[in-house]
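> A structural model of the following input is requested.
(2 chains)
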Amino acid sequence: MSIWEYMQIYGARLASGTAITCAQFVLAALIAIVVALLAGLGKLSQNWLIRGTSVVYIEIFRGTSLLVQLYWIFFVLPLFGITLPKFVAGFVSVGLNVGSYGAELVRGAIQSVPKGQWEAAYALSMSPAKRMRRIILPQAIGIMLPPWGNLLIELLKGTALVSLISVADLMFQAKQINASTFLSAQSFGIALVIYYILARFFITPFMRRMERAMARRLGKA
Amino acid sequence: MDMSAYPLELPEGDRPMVRFMNVTKSYGKLVVLDQLNLDISEGEMVSVIGPSGSGKTTVLRMLMTLETINGGVIYVDGKPLTHMPKNGTLVPADEKYLRRMRASIGMCFQHFNLFPHMTALQNCMEGPVQVLGLSKAEARARSEELLTMVGMIDKKDQHPSRLSGGQQQRVAIARALAMRPKVMLFDEVTSALDPEVIGEVTNVIRKLVTEHNLTMLMVTHQMGFARDISDRVCFFFGGKIEEQGPPDELFGNPQRDRTKQFLSAVKDAD
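Down below sits the predicted model:
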């Protein structure tokens, strides 16, 4: 079967899988960003309870396998009375997992804003919250954007695991088609290409644009 | 520590703008400042000179509350700076009290520390809008007036990365002044500058001295400038004021050996 015939028959299913993958990516990325900010700031908090909670979250989600976390959230949480639909369990797991790596990026970026900036904001008598929000975070975001680009690509690739709890994403569709046709090269080859295109021609250019916008804000562009 | 020796507030008639009363600062066993007593009256310009490690920058940073103190009390305009009155005695101040006191003190740093994500004008407006609660229009008017005073009004929409060191430092002075501080601190503000632009910054400070009744404390390595504009010069050595006096006396006829040594060493370097 030529690749064109293949696409005529299975293209629609792969396209719907890609749409699900994109949705999983966007929702997981939102969770990852919010959680990374909270845990990154939390790890720098003076309050031991907040700091402790952040450390525990980061240690658990960074130190164990994403696949195991996914199974926990989908198969084990229901035993404690928390049942999530598979679509939700999918992006929540991926988001929480990547967020734990992101938290370290946030913490590192905040700590690498020069000390003089803290002191200048302090000398203007700004409150700790304003200091963080108005002076430190805007600069920290500029510092952490490039590594976040990497992390978001990791996140996209991580979403392939949600196929294992039967979320009908791109990987799930490719596996189904393969199972019924044994056209492995076409099925997984096209999935490979689509993941690459999403990462290389959507995420990377988007992050570049963000970096340029940030440079403009610093008057450097 | 027994705080009963320290008044809750300085009495009328004995109320310098700044008073250091037995102030001690140490890092572990290293004593940086030892029982410092220093008064600065309203409108006075005091320069602090001395070898590095003598504690002179620490004096400024304590006044900005960037450093904690280990003993004694600092009073600003009669009120304790890092302590607050509670049940008839002085206790360590809380964050809110500190922030209110801090607002009466402005500081310029050796490395300017302008906010890189804001234009010159936004840098100046940040404090008045975010801390003093001024409207944007009021803050803008105040900031533009100050940027005019420091000669930076035509660069008001530039980011710091587009400005030279001297220009950045002038914006930093305007930013600190926009808070209308009672006391201004200058921490080696010309040390990071190229020699040819030092003049543009010292001229601004000179203007402040002659045209404004601002209390100022300046740490500097520029002896000529200190001699020129100060009302008083303090020579720090080993965490103590070794000698102080009017600039012509201290530079022209130093009494202590250490002062003489330091001044002649600095002269040789020039």
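
> Could you find the closest non-adjacent residue to residue B:177?
residue B:146 (5.3 Å; C-beta to C-beta, 6 or more residues apart in numbering or on different chains). The C-beta positions use only the backbone N, C-alpha and C, and glycine is treated the same way.

> and the one you found, backbone torsions?
phi -70, psi -40 (degrees, to the nearest 10).

> So the closest residue to chain B within chain A versus residue B:161, what's the distance?
Taking C-beta to the nearest C-beta as the measure, the point where chain A comes nearest chain B is residue A:219, at 2.4 Å. With distances taken as C-beta to C-beta, to the nearest Å, residue A:219 is found 5 Å from residue B:161.

> buried stuff in stretch B:214-230?
B:214-220, B:222-223, B:225-227, B:229-230 (16 or more other C-beta atoms under 10 Å in any protein chain shown).

> Let's have these in a markdown table, adding secondary structure and pLDDT.
Formatted as a markdown table, the buried residues of stretch B:214-230 follow (DSSP: H, G, I helix; E, B strand; the rest coil; pLDDT from 0 to 100):
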| residue | secondary structure | pLDDT |
| --- | --- | --- |
| B:214 | coil | 92 |
| B:215 | strand | 95 |
| B:216 | strand | 96 |
| B:217 | strand | 96 |
| B:218 | strand | 96 |
| B:219 | strand | 96 |
| B:220 | coil | 93 |
| B:222 | coil | 91 |
| B:223 | helix | 92 |
| B:225 | helix | 92 |
| B:226 | helix | 93 |
| B:227 | helix | 93 |
| B:229 | helix | 92 |
| B:230 | coil | 95 |
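
> Give the buried residues for stretch B:146-160.
Those buried within stretch B:146-160 under the rule 16+ other C-beta under 10 Å are B:146-147, B:149-150, B:152-153, B:155-156, B:158-160.

> Tell me the buried residues in stretch B:73-89?
Neighbour-count burial for stretch B:73-89 [16+ other C-beta under 10 Å]: B:73-77, B:79-84.

> got it, and stretch B:100-108?
For stretch B:100-108, using 16+ other C-beta under 10 Å, the buried residues are B:101-108.

> Spell out the secondary structure type for the residue of chain A closest to chain B.
Using DSSP: H, G, I helix; E, B strand; the rest coil, the structure places residue A:219 in coil.

> Please name the nearest non-neighbouring residue to it.
residue B:159 is the one closest to residue A:219 (C-beta to C-beta, 6+ apart), at 2.4 Å.

> do the same with residue B:20
Residue B:20 sits nearest to residue B:38 (C-beta to C-beta, 6+ apart), 4.3 Å away.

> Repeat that for residue B:83.
Per C-beta to C-beta, 6+ apart, closest to residue B:83 is residue B:90, 4.0 Å.

> related to what we said a few turns ago, any idea which of the buried residues of stretch B:100-108 is the one closest to residue A:106?
residue B:102 (27.6 Å; C-beta to C-beta).
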